[in-house]
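Asker: 3D model of this:
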Amino acid sequence: MKRKKGISLIVLVITIIVIIILAGAVILSLANNNPIESANEATFKSNLAGYNSELAMAISNEYLQDNSFDSATFDVEVWDGTGDGTGTIKEYITSISEVDGAKFEIRNSKLVYVGTNQIEKDYLTEIGITIILGVNVIAIENTTVNGEVATYQNPIVPKGFKAINDGTVWPTDWNEGLVIEDVSGNQFVWVPVDGTDVTYAKWCTTGFTYVDTIDDTLPSGIIEIDQINSYGGFYIARYESMFDYNSGSIRVASKVSTNTTTSGWTRDNSHTGYLWNHINYTDAKTYSENMDTSYGYDTSKVGTNLTTGAQWDTVMKWVSNNSGPSVTDSRTWGNHSNSTFPANVGNGTLQISGYSNNWKTKNIYDLAGNTWEWTNEIHSFNRVYRGGSYCNSGITDPADCRYNNDATNASYDLSFRTSLYIL
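Answerer: Coordinates of the predicted model:
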């Protein structure tokens, strides 16, 4: 009797495996060569080519109508889809769609992108269209708000941060304290160093002179002067440090704090949100240096450290420049024992960070008074703290004041502030 021929179990299993592999290859190929995505990309780029051609024609017409036309100042905003588009990009690029009209502007006679779609940003990077970060948009790389070169007037917004409007307009109010914020709500303020009116140098002599001090070591990979030479400034925490107990780990925050204590306290979850006083220099330096990793920052793009003596002195120069408040008598803008109007709102007692706008200058809170702040500076065998406190005079211990103590000292009127570095 002849046996019936059939497919053995082994052959069947092998066949199924081969089919699965082939199917996977087909799916991967489709994913990498998605015909719909490719068509969308082609359409998007084709539209851009048309927009650029129409823009070039519009600029030529401007020249023909007015030979004094300055293309470097030709800026036109987005079109919101209403009206005939007069006064917007629609007036000069009539073919632009309502959707694209809300994503593009004309800056310096060039088409620039102000949208947030990452796929479109990738397309635009390939063809050289400038991408504008804009305000309240998280940066995916270190970049400026307007896509132009970084200067003291046009700071870098680091990866993972967004520029926010808080009493200033980006980037035109660069000298009023431009604020950036990470996804956890920590805020830093840009300190512009133009090299003329504001130089990056130690100069303050109240308390004792800077001549007798040196700055302590910085974290690996951070060279402080690079911030000035490459970017024209640096970022400093907007607030005195806040204690944050996060999932069992301790980290420092730059936020408005929620409570204070004048006695010692335990670093536990019950004190999350407290103004971080009763901290010694060693811990202040350690937690400042670890802030970047504790919040998951891309440490190839940014780093953190305890504010240095050179940074504090430079902030003092910036604050007091051009008829700004006095840093050698800070009674009118700091929380001191003898504060005067309009700063006499704290009754000479310790307050939370960010307590009063009367204690704010250049969008930075509590540089004068409230608590002394450890800095990354050494005086002999001691460490330096700055700025005076709520229990000190704003004349003898003002914002620019330097004093020192043993690195292990921790008291009710001692806190610290972190700086953010662009790498």
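Asker: rest of the way, CA atoms for contacts and neighbours
Answerer: Will do.
Asker: Mind jotting down where the helices sit in the chain?
Answerer: For the chain, helices defined by DSSP state H occupy the ranges 9-32, 35-65, 89-92, 98-101, 118-127, 224-231, 281-289, 291-294, 309-320.
Asker: Any idea which of these gets closest to residue 163?
Answerer: Checking the helices of the chain against residue 163 by Cα to Cα gives helix 224-231 as the closest, at 16.1 Å.
Asker: elements contacting the closest one?
Answerer: strand 233-237, strand 418-422 (3 or more Cα pairs under 8 Å, 6 or more residues apart in numbering; DSSP states H and E).
Asker: Run me through the strand neighbours of the first one, direction for each.
Answerer: For strand 233-237, the paired strands and their directions (DSSP bridges) read strand 187-192 (antiparallel), strand 418-422 (antiparallel).
Asker: can I get those strands in JSON lines with mean neighbour count?
Answerer: Shown next, in JSON lines, are the strands paired with strand 233-237 (neighbours: other Cα atoms under 10 Å):
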{"stretch": "strand 187-192", "mean neighbour count": "27"}
{"stretch": "strand 418-422", "mean neighbour count": "25"}
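Asker: got those strands as TSV, with distance to residue 42 and mean pLDDT columns?
Answerer: Formatted as TSV, the strands paired with strand 233-237 follow (distance: least, Cα to Cα, whole Å; pLDDT from 0 to 100):
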stretch	distance to residue 42	mean pLDDT
strand 187-192	40	98
strand 418-422	36	97
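Asker: Residue 288: which of these is closest?
Answerer: Nearest to residue 288, of all the strands paired with strand 233-237, is strand 418-422, at 5.5 Å by Cα to Cα.
Asker: what's next to that closest one, contact-wise?
Answerer: By Cα atoms under 8 Å, 6 or more residues apart in numbering, the residues outside strand 418-422 that reach it are 156, 158, 188, 222, 224, 227, 234-237, 241, 254, 288, 301-307.
Asker: Show me which of those residues are buried.
Answerer: Those of those that meet the buried threshold are 156, 158, 188, 222, 227, 234-237, 241, 254, 288, 302-307, by 16 or more other Cα atoms under 10 Å.
Asker: follow-up on the earlier one: the strands paired with strand 233-237 into a markdown table, with extra columns for distance to residue 89?
Answerer: Converted to a markdown table, these look like this (distance: least, Cα to Cα, whole Å):
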| stretch | distance to residue 89 |
| --- | --- |
| strand 187-192 | 31 |
| strand 418-422 | 34 |
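Asker: Nearest to residue 90, out of those strands?
Answerer: Nearest of the strands paired with strand 233-237 (Cα to Cα): strand 187-192, 34.9 Å.
Asker: quick check: angle from that closest one to helix 309-320?
Answerer: Interaxial angle of strand 187-192 relative to helix 309-320 (axes from the mean of the first three to the mean of the last three Cα atoms, to 10 degrees): 80 degrees.
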